[in-house]
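Enquirer: how does the following fold in three dimensions:
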Amino acid sequence: MLARDIMHRDLVTVTPETPLGTIARLLVEKRFGAVPVTDETGRLVGLVSEADLLHREELGTERRRNRWLDAFASIETLANAYRSAHGQLARDVMATSLVTAAPDAPLIEIVELMERRHIRRVPIVEAGPDGNERLVGMVTRGDLVRALATLVPATLDRATDRALTDRRIRDLLLAEIARQPWTDKAEGNVTVLDGVVHLWGTVANEAESRALVTMAEGIPGVVAVRDHTFVAYWGADPVML
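Expert: Here you go, the predicted model:
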């Protein structure tokens, strides 16, 4: 799936001159976590999130500063901190170093961006006729969860799934096992009887065992999984009784 498949396009934006009071009410009323800031051409210039409104003079939550540390802080750092706490417009508090993606970006790239940069949303931008990138959508963590909710059925139709034969279930499971680099289960270690998968033999660790169970549970038609595997401690000294 691509970003364009799940991004929400009906965006509410503000300008750099929008008062913070207006933005705060917008976040509350619309239940947004952030709002994009665009210029008159639709170009994304910043983002104001709830986090940007936490340390405010009005709330008495302005960052407590250590005078000793301030002696080593740059004038730019101190000035920006004051502006964030006392400024009244979007341009005073908005984040400008933004991570963006294109509409054709695979979702795996979006997720990797979120994890690597510790962010909750990725603006989606696209080059216009004039060559300037314009905001066309937004992908949030919530969008990813909603996409998953539409793809994964809430319940399984067991009556239909059971039409698959035990042989078919076993073939599907063995094929999935063969695609994984972290396990080397042989055919003789997997049996299926009346929709119940039995896993046998040794595994390298408990993580492999749990992953195999998860894998088997995801095969259509599986009624239950019985894990008979055990961890092999290769090279361990024999215990003398």
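Enquirer: tell me the contacts of T150?
Expert: Not one residue lies near T150 by Cβ atoms under 8 Å, 6 or more residues apart in numbering. Just so you know, the C-beta spots here come from the backbone N, C-alpha and C atoms, and that holds for glycine as well.
Enquirer: A helix includes it, no?
Expert: Yes - the assignment for T150, made by DSSP: H, G, I helix; E, B strand; the rest coil, places it in a helix.
Enquirer: residues contacting V12?
Expert: L26, K30, F32, V35.
Enquirer: can I get those in JSON lines with neighbour count, secondary structure and distance to M215?
Expert: Below are those laid out as JSON lines (neighbours: other Cβ atoms under 10 Å; DSSP: H, G, I helix; E, B strand; the rest coil; distance: Cβ to Cβ, whole Å):
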{"residue": "L26", "neighbour count": "15", "secondary structure": "helix", "distance to M215": "45"}
{"residue": "K30", "neighbour count": "10", "secondary structure": "helix", "distance to M215": "41"}
{"residue": "F32", "neighbour count": "19", "secondary structure": "coil", "distance to M215": "38"}
{"residue": "V35", "neighbour count": "24", "secondary structure": "strand", "distance to M215": "42"}
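Enquirer: what residues sit buried inside stretch 21-29?
Expert: I23, L27 (16 or more other Cβ atoms under 10 Å).
Enquirer: tell me the centre residue of the protein?
Expert: V111 (4.6 Å; Cα atoms, centre = their mean).
Enquirer: I'd guessed it sits against L144; true?
Expert: Yes - here V111 reaches L144: they are 6.9 Å apart, a contact under Cβ atoms under 8 Å.
Enquirer: count of residues packed around M114?
Expert: 18 (other Cβ atoms under 10 Å).
Enquirer: D130 and A102: what is the separation?
Expert: 17 Å (Cβ to Cβ, to the nearest Å).
Enquirer: what's the answer for L54, then?
Expert: With distances taken as Cβ to Cβ, L54 is found 31 Å from A102.
Enquirer: which one of D130 and A102 has more residues nearby?
Expert: More neighbours surround A102 than the other of D130 and A102, with 15 against 8 (other Cβ under 10 Å).
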